[in-house]
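Chemist: Please work out how this folds:
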Amino acid sequence: MSPPAADYTEFIGSVLSEASELAVRMRGSGPGTDGGPVRDTARGTVKPEDENQIVTDADLALGALLTGRIADRYPGHAILEEESGATPGDQEVTWVVDPLDGTSNYAAGSPLFGVMVAAVGPRGVLAGGLALPAFGTVYVARTGRGATRNGRPLGPLPATGPGRALVAYGMDKGPAELMAAEGRLVAAIGSTCLGVRMSNSVFDICMVADGAYAAFVHRGCRIWDVAAAVCVLRECGGICTDLQGRPLDLTRPFDKADQVFEVCLASADMHPSLLAAVRAAAVDGAVTADGDAPAAGGYATAEGYAAARGPADRRD
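Modeler: Okay, here's the model as predicted:
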């Protein structure tokens, strides 16, 4: 029988803290003794199958650390980790792990990177956590039991009103047609809020949890990019859907390892305005097979978006 989800939150907080320490150590980061800026010593290698993707030694070391800790603590559980792939288990829980989200930022010397871990059961995410190693913050949530930041409860996301809200949008390089579509959506979103911010990483999601941003929108996520994020933000009162307003199905992670998720993770106050912006940015006359409005920029499905960018697309 699987341990209760309450056990997962304690474990998640512990492994995220350990992973954070390793990420900072491998990065050669930390403010200098003179109080100067963080300096990066990470080196990234572009993945041959996707020029948007960089892998560093830290990705591999963090992945090994996290999967090892999970396997030791919960030997019957399955694991889906971004770099090493799927490790089957004989119980109902699957751990979904992004060992280093924002690898391009990390390799470039930016502090805007993080780690994400989630435990997923037959009905969805049971518990999840996010860490921002360079900032020393860890967010942990259990479905139905709330979320914390460094052990302190997180309150409901604020209702600032769209005109005073900052919205994060993430995207990667792609073909000209796709980049033009992304630009139309960014412009539509920008017209509904105070401003658009972009780190293309878990940092943006954490800013939503903190109430600094009102939403995070992305058209090219994978399940390891969203499972833990959805858990944390839902427990803060956030609305987490695709760009059509439909709930995100995060069950059966192995079956969704190659699925592209278009996501709108937002405060209840901001979510309707963002869906309206998506509709405004869509190409006239394009509809999905079931008659729904198209995805932003004229791609009727997330799969169409992935095909336009390339088969190996994953948010880095």
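Chemist: Show me where the stretch 51-200 of the chain dips below the pLDDT cut-off.
Modeler: Across the stretch 51-200 of the chain, the ranges flagged by pLDDT under 70 are 51-53.
Chemist: From residue 66, how far out is residue 17?
Modeler: 12 Å (CB to CB, to the nearest Å). Where you see a C-beta, it was placed from the backbone N, CA and C, and this is true even at glycine.
Chemist: which of the two has more neighbours?
Modeler: Set residue 17 next to residue 66 and count neighbours by other CB atoms under 10 Å: residue 66 wins out with 25 against 16.
Chemist: all strands of the stretch 151-300 of the chain, in order?
Modeler: According to DSSP state E, counting those that start in this stretch, the stretch 151-300 of the chain carries its strands in the segments 152-153, 166-170, 195-197, 215-221, 239-241, 261-266.
Chemist: Identify the residues contacting the third one?
Modeler: For strand 195-197, the surrounding residues in contact (CB atoms under 8 Å, 6 or more residues apart in numbering) are 166-169, 186, 189-190, 204, 207, 213.
Chemist: Return the distance of that strand from the chain's centre.
Modeler: 17 Å (CA atoms, centre = their mean, to the nearest Å).
Chemist: swap in the fourth one?
Modeler: Taking the mean C-alpha point of strand 215-221 and that of its whole chain, the gap between them comes to 8 Å (CA atoms, centre = their mean).
Chemist: Skipping its backbone neighbours, what lies nearest residue 57 in space?
Modeler: residue 26 (6.6 Å; CB to CB, 6 or more residues apart in numbering).
Chemist: these two touch, right, that neighbour and residue 64?
Modeler: No - at 12.0 Å, residue 26 and residue 64 do not qualify as touching, with contact defined as CB atoms under 8 Å.
Chemist: more crowded one of these two?
Modeler: residue 26 (19 against 15).
Chemist: mean confidence score for the helix or strand hosting that one?
Modeler: Residue 26 is part of helix 5-27 when elements are defined by DSSP states H and E. For helix 5-27, the mean pLDDT works out to 91.
Chemist: Show the secondary-structure elements that it is packed against.
Modeler: Here helix 5-27 touches helix 57-73, strand 114-121, strand 124-132, strand 137-142, going by 3 or more CB pairs under 8 Å, 6 or more residues apart in numbering; DSSP states H and E.
Chemist: and the third one, which strands flank it?
Modeler: Strand 124-132 has the following strand partners under DSSP bridges: strand 114-121 (antiparallel), strand 137-142 (antiparallel).
Chemist: Deepest-packed of these, please.
Modeler: When the strands paired with strand 124-132 are scored by mean count of other CB atoms under 10 Å, the highest mean neighbour count falls to strand 114-121 (a mean of 28).
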